[in-house]
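**Student:** Predicted coordinates and the sequence they were generated for:
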Amino acid sequence: MTDTKEPRQLQKERVGEVISDKMSKTIVVRVERRVAHPRFKKIITRYSKHYAHDEKEEASLGDVVRIRESRPLSRLKRWSLVGVVQKAAQQASVTAG
């Protein structure tokens, strides 16, 4: 008898922009999705905020990152960082003088 196991369900992955990196080993990622309005059928943009674990603290504000669903790591963290897709453009600091 051959065992035909179904492939294991993969974790969800999302791509979004880092909107906060002020916490230790945690980033806040804003994920954008475009959906049709149920009544007017106009395409609208919806956003959701995900707290993600960043062990090496490699992501910074404005970076585009890929996150993966994981086990609960704290009260709010349910995602972990897979990698940085695109680094943010470095803004030159302007000093008043």
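**Tutor:** Received, thanks. Numbers count the residues shown, from 1 in each chain.
**Student:** Quick one: end-to-end distance for stretch 8-16.
**Tutor:** 25 Å (C-alpha to C-alpha, to the nearest Å).
**Student:** now what about that stretch, what contacts it?
**Tutor:** 29-32, 50, 64-70, 79, 82, 85 (C-beta atoms under 8 Å, 6 or more residues apart in numbering). Where you see a C-beta, it was placed from the backbone N, CA and C, and this is true even at glycine.
**Student:** Flag the shaky bits of this structure, pLDDT-wise.
**Tutor:** 1-7, 9, 91-97 (pLDDT under 70).
**Student:** thinking again about what came up before, sort out for me which of the contacts of stretch 8-16 are in strands.
**Tutor:** 29-32, 50, 64-69, 79, 82, 85 (DSSP state E).
**Student:** Which members of these are classed as buried?
**Tutor:** 29, 50, 65, 67-68, 79 (16 or more other C-beta atoms under 10 Å).
**Student:** buried stuff in stretch 11-28?
**Tutor:** 14, 16-18, 21, 26-28.
**Student:** and Glu57, what does it touch?
**Tutor:** Neighbours of Glu57 in contact, by C-beta under 8 Å, 6+ apart: 21, 24-25.
**Student:** Just put those in CSV and tack on distance to Lys56.
**Tutor:** Converted to CSV, the contacts of Glu57 look like this (distance: C-beta to C-beta, whole Å):
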residue, distance to Lys56
Asp21, 12
Ser24, 12
Lys25, 9
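**Student:** returning to what we had before: spatially, which pair of the contacts of stretch 8-16 is furthest apart? Let me know, please.
**Tutor:** Farthest-apart pair in the contacts of stretch 8-16 is Glu32 and Ser70; separation 21.0 Å (C-beta to C-beta).
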